[in-house]
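In: Just to be clear, the model below is a prediction. Sequence and coordinates:
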Amino acid sequence: MNARKTLQLVALILVVAIAAALSFTPIQQNMKLGLDLQGGLHVVLQGVDTPDHKVTRDDIKQVQAIMEQRVNGLGVAEPIIQVEGDNRLIIELPGISDPDKAIELIGKTAVLTFRTADGKVVVEGTDLKEAKEGMDSRNNQPIVSLTLTSEGAKKFADVTRANVGKQIGIYLDNDMLQNPKVNEAITTGQAQITGYASLDEAHRMALLLNSGALPVKMEMVEKRTVGPTLGADSLSKSQVAAMVGVGLIFAFMFLYYRAPGIVAIVSLILYSVIVLGAMAMLHATLTLPGIAGFLLSIGVAVDANVIIYERLKEELRAGKTLRTAIEEGFKRAFTTILDSNVTTFIAVAVLYYLGTGPIRGFAVTLGIGIVASMFTAVTFTRWLLRAMVGSGLIKNNKLYGA
Amino acid sequence: MNIIGRRKIWYALSLLIIIPGIISLLLRGLNLGIDFTGGSLLQFQFENTVTVEQVRNVLDQSHLGSSTIQLSDGNNVLIRTKTMDESERNKLVNDIKGQVGNLTVQRDEIVGPVIGKELAQKALLALAIASVLIIGYITVRFEFKFAIAAILALMHDVFVVIGIFSIFQIEVDSSFVAAVLTVVGYSINDTIVIFDRIRENLNRKKRTEDLESLVNRSVLETMTRSINTVLQVVFVLVALLFWGGETTKVFTLAMLVGVVSGAYSSIFNASPLWFDFKQLEKAQRSKNRAKTA
């Protein structure tokens, strides 16, 4: 028995055990769960071209800013609002309790106009910079204050001067939201609307006014909501499936390959820590397909071990000593592992490039898995196997599958 | 075991599955879910047990008679309809609440027809790009004939999966696309490991051994690996199929069919095909020689 090698073997296994134990909590805390696992809302909005205006990326960016403002009011912890392509906006609200309310808010995609009593459009939504609710300090009544753009301020000044004492209707598409009376000419670009029953009502009005400032009409082309109980159910079921699947792999590796099988199991644990750790560090989102991807990548990682061990057996059968068999086995197995993994990686990269949402999550997990599996197979597994052979604890070639 | 010698049997077995699949694909196509066709999907959890008829009645009133309704556990209902807008959808949910019973909405999806069309296009594009890149890589690392044999084996697996899903009319969603592409990745992986062995054995070829027995030996030498590896993946997939959630079923099933088909085609199609290509090349060469002579 070689004391130094035995110590090395024990140390390597201990390092993995400690790494696994220490990383458990941080990984769990940093791993974001996808909509399908924690419940939530996913919406894709698409700008609608009109005969005289084709939707541009700038339009969508403007919509994005408005949506961010609207969503802020909902109290969602980590909303995702991103532009896709030239005419789409993706909104994801994880963990939202009332998706219907959010849809109502997001869905208000109509165009805002201010119209005179005879129906003439005098001011448009794009002239409005911001609408904000508040309390009038003089009489403690809820109000909505409007801030207009410089161009809007000019228009507004003209219109209010001409319509003192008359009413100006505020319309979303063709629905009248409110019909306030003009008390005096407003030339500063700052206006106030009164007449709300509560601050809440004023708040809703402000939101609607802001929403009307959309530069283009947006159409909802995709919506997916997952209830929180369904999400939690999916998560717990996947966890059970993961344990069963990994358990079967471990059992098979141990029963079929014996001593190297144990090495494979320790390597796989390290592999899992690396993959999950990388995902947590990249703040990748764990989705249901992502879990499937992770489990499948364990299959790939085992494959590297299987290739090496089959080589090892062949070398032993060819009459080589255990030590040279291991070195030869690794050397010969490496090109095989490289070529086979590069081709798989190509498929995964294409999947990532063309996929969206959860499919991307799947591709990311599988991709990280392929790289990590090559790393652990050719470095860690090798050290561990060398240490095991060197330690002299297990001398019988039969225990290496020969 | 003589695998190469019996290659006609293996080809025939493959065709036995692929041809009915292609016929079904041409006649009936795939049972495309709302991810492809566009449409609405609602999943309700009722407080009490309900029947399909109760839900069907409400749908009929709303002129959604052609919708599909799926009931599980007595109170879990999945409804797929044509694309509804927000107000239609709200009305339906309220009607069902009023007439069938109290419920919570578990899933609520609307996919516009634009999105669905894009998905199908992207899927085909992805398959094409992946195939070209893989051919390129194998040609560089091995040779063009290996690449063609590998791609044929890969197409075999794609057609087996799509064909079986068409024959049994299993509904496919966007995860099906991911599954098919992953199968492509796996199938090629399996094939490469065997080709790698053929390449290695060719480099150390003894004069007495002919190509047929060399290829056969290579397939046999890697057989344990091929089987053991596919077993590990099958372990995971079976676990996901039986213990995982409902939402990943289509994905898992497609993967399972594909991975098993992939293992088969790697062993029984890819290398025999390569051997046939080599034979063809040899025949062509001797023919040319005969001409010039």
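Out: Thanks, I have the structure now.
In: only C-alpha atoms for contact and neighbour calcs from this point on.
Out: Noted.
In: what's the helix or strand for the closest residue to B:Phe277 other than its chain neighbours?
Out: Leaving aside its chain neighbours, B:Phe277 sits nearest to B:Lys145 (6.9 Å; criterion: Cα to Cα, 6 or more residues apart in numbering or on different chains). Using DSSP states H and E, B:Lys145 falls within helix B:144-167.
In: Mind giving me the packing neighbours of that helix?
Out: If you count contacts as 3 or more Cα pairs under 8 Å, 6 or more residues apart in numbering or on different chains; DSSP states H and E, helix B:144-167 packs onto helix B:7-27, helix B:113-141, helix B:174-203, helix B:249-265, helix B:271-292.
In: please redo it, this time with the cut-off set to 6 Å
Out: Here helix B:144-167 touches helix B:7-27, helix B:113-141, helix B:249-265, going by 3 or more Cα pairs under 6 Å, 6 or more residues apart in numbering or on different chains; DSSP states H and E.
In: How many neighbouring residues does A:Val302 have?
Out: 26 (other Cα atoms under 10 Å in any protein chain shown).
In: Tell me the span between the first and last residue of stretch A:81-88.
Out: 11 Å (Cα to Cα, to the nearest Å).
In: What is the distance between it and the centre of its chain?
Out: Put simply, stretch A:81-88 sits 15 Å off its chain's centre (Cα atoms, centre = their mean, to the nearest Å).
In: can you pull the buried residues of it?
Out: A:Ile81, A:Gln82, A:Val83, A:Asn87, A:Arg88 (16 or more other Cα atoms under 10 Å in any protein chain shown).
In: Same question for stretch B:55-68.
Out: Result for stretch B:55-68 [16+ other Cα under 10 Å]: buried residues B:Val55, B:Arg56, B:Asn57, B:Val58, B:Leu59, B:Leu64.
In: contacts for that stretch?
Out: B:Ile79, B:Arg80, B:Thr81 (Cα atoms under 6 Å, 6 or more residues apart in numbering or on different chains).
In: what's the closest non-adjacent residue to residue 127?
Out: The chain I'm using is chain A. Counting by Cα to Cα, 6+ apart, the residue nearest A:Asp127 is A:Gly152, at 4.4 Å.
In: wrong chain, I was asking about chain B
Out: B:Leu127 sits nearest to B:Leu181 (Cα to Cα, 6+ apart), 6.8 Å away.
In: Can you give me the pLDDT of that neighbour?
Out: For B:Leu181, the pLDDT comes out at 82.
In: Columns neighbour count, pLDDT and distance to chain A on top of the contacts of stretch B:55-68, output as CSV?
Out: Below are the contacts of stretch B:55-68 laid out as CSV (neighbours: other Cα atoms under 10 Å in any protein chain shown; pLDDT from 0 to 100; distance: Cα to the nearest Cα, whole Å):
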residue, neighbour count, pLDDT, distance to chain A
B:Ile79, 19, 90, 14
B:Arg80, 20, 89, 13
B:Thr81, 19, 89, 14
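In: Among those, which are located in strands?
Out: B:Ile79, B:Arg80, B:Thr81 (DSSP state E).
In: Looking at those, which is nearest B:Ala123?
Out: B:Arg80 (22.8 Å; Cα to Cα).
In: what is that closest one paired to in the beta sheet?
Out: B:Leu41, B:Thr68 (DSSP bridges).
In: Could I get the contacting residues of it?
Out: So B:Arg80 contacts B:Ser40, B:Leu41, B:Ser67, B:Thr68 (Cα under 6 Å, 6+ apart).
In: Which residues of the stretch 251-400 of chain A lie near chain B?
Out: The stretch 251-400 of chain A comes close to chain B at residues A:Gly299, A:Asp303, A:Thr336, A:Ser340, A:Thr344, A:Ala347, as judged by Cα under 6 Å from any Cα of the partner chain.
In: what's the burial count for the second one?
Out: In other words, A:Asp303. 24.
In: That one touches B:Ile227, doesn't it?
Out: No - A:Asp303 is beyond contact range of B:Ile227, at 10.4 Å (criterion: Cα atoms under 6 Å).
In: What residues does the stretch 51-200 of chain B have near chain A?
Out: B:Gln106, B:Arg107, B:Asp108, B:Glu109, B:Ile110, B:Val111, B:Gly112, B:Ala130, B:Gly185, B:Asn189, B:Ile192, B:Val193.
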